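In: model the following, please.
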Amino acid sequence: MGIGSAVQPPTPLRPLRRRDVSLAFAIALSVLFHSPAPARTDDLADKVSLCAGCHGENGVPQDKTTPIIWGQMEGYLYLQLRDYKSGARQSDTMGPLAQALEKSDLLALAAYFAAKPWPDLGQPRAPKDVAERAIRANGSVGCTGCHLDQWQGYGTVPRLAGMSRDSLAKAISDFRSRARANNPGMSDLMIATSENDLAALAQYLAGL
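Out: The predicted structure follows:
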């Protein structure tokens, strides 16, 4: 640089976007599960600790749109992990993680989290008018035909009672837009139901 040359200011750092963070997390997971011994770990506890990064050390996710997996139905958890692994359900974070796991890992993780107690998020019960609308919507949609009367789920059908309102709303939105493509029947059902009824259902279920 010659004397008197203009000094160029440093290029400002670009802030990380959420997609960048997800990609970095996915790369870290891939390295962890595919690195040769001794760096590789086959210990269930290590895999569980990775799940806790998003789903919470105590079963309460930091991001309210992230679903509860503590106490969820074992069959449902396994099917979702299987679908992430196959690509039937898309996720920048969960896809690479599930693809790095063996079927035995998926079964073990599903059993581990299903055995945990369901966490109480302390969400308020829905107001009377919202609850009544949700109950009417259920009567026409027939949600409890699969999720059971108390919305506790069974087998491969998930529990909905006490889920985060935000995670319920996201699931509904993803089904309606078909962004979540691993259950076309649910997409058809959500599309056929009014948005106001679905919002009432999400608020009602969150407070159970």
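
In: so which residues of this structure form helices?
Out: In the chain, helices defined by DSSP state H lie at 18-34, 44-55, 74-86, 94-99, 103-114, 128-141, 144-147, 165-177, 184-192, 195-206, listed in chain order.

In: what's in contact with the shortest one?
Out: With contacts defined as Cβ atoms under 8 Å, 6 or more residues apart in numbering, helix 144-147 is touched by 138, 151, 153-154, 157-160. (Each C-beta comes from the backbone N, C-alpha and C, glycine too.)

In: and it, what's buried?
Out: Using 16 or more other Cβ atoms under 10 Å as the test for burial, helix 144-147 gives 146-147.

In: any idea of the mean pLDDT for it?
Out: Across helix 144-147, pLDDT averages out at 96.

In: could you find the closest non-adjacent residue to residue 174?
Out: Using Cβ to Cβ, 6 or more residues apart in numbering and skipping the chain neighbours, the partner closest in space to residue 174 is residue 180 (3.8 Å).

In: can you put the helices of the chain in CSV and add distance to residue 121?
Out: Listed next are the helices of the chain as CSV, based on distance: least, Cβ to Cβ, whole Å:
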stretch, distance to residue 121
helix 18-34, 23
helix 44-55, 13
helix 74-86, 18
helix 94-99, 21
helix 103-114, 16
helix 128-141, 17
helix 144-147, 18
helix 165-177, 9
helix 184-192, 23
helix 195-206, 8
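
In: nearest to residue 122, out of these?
Out: For residue 122, the closest of those is helix 195-206, at 10.5 Å, according to Cβ to Cβ.

In: mind checking how far that closest one is from the chain centre?
Out: The chain centre lies 18 Å from the centre of helix 195-206; the measure is Cα atoms, centre = their mean, to the nearest Å.

In: for residue 106, which residues are in contact?
Out: Residue 106 makes contacts with 78, 81-82, 85, 98, as judged by Cβ under 8 Å, 6+ apart.

In: closest to residue 166 out of these?
Out: Looking across the contacts of residue 106 and measuring by Cβ to Cβ, the closest to residue 166 is residue 81, at 21.9 Å.

In: what is the neighbour count of that closest one?
Out: 22 (other Cβ atoms under 10 Å).

In: cool, thanks, signing off.
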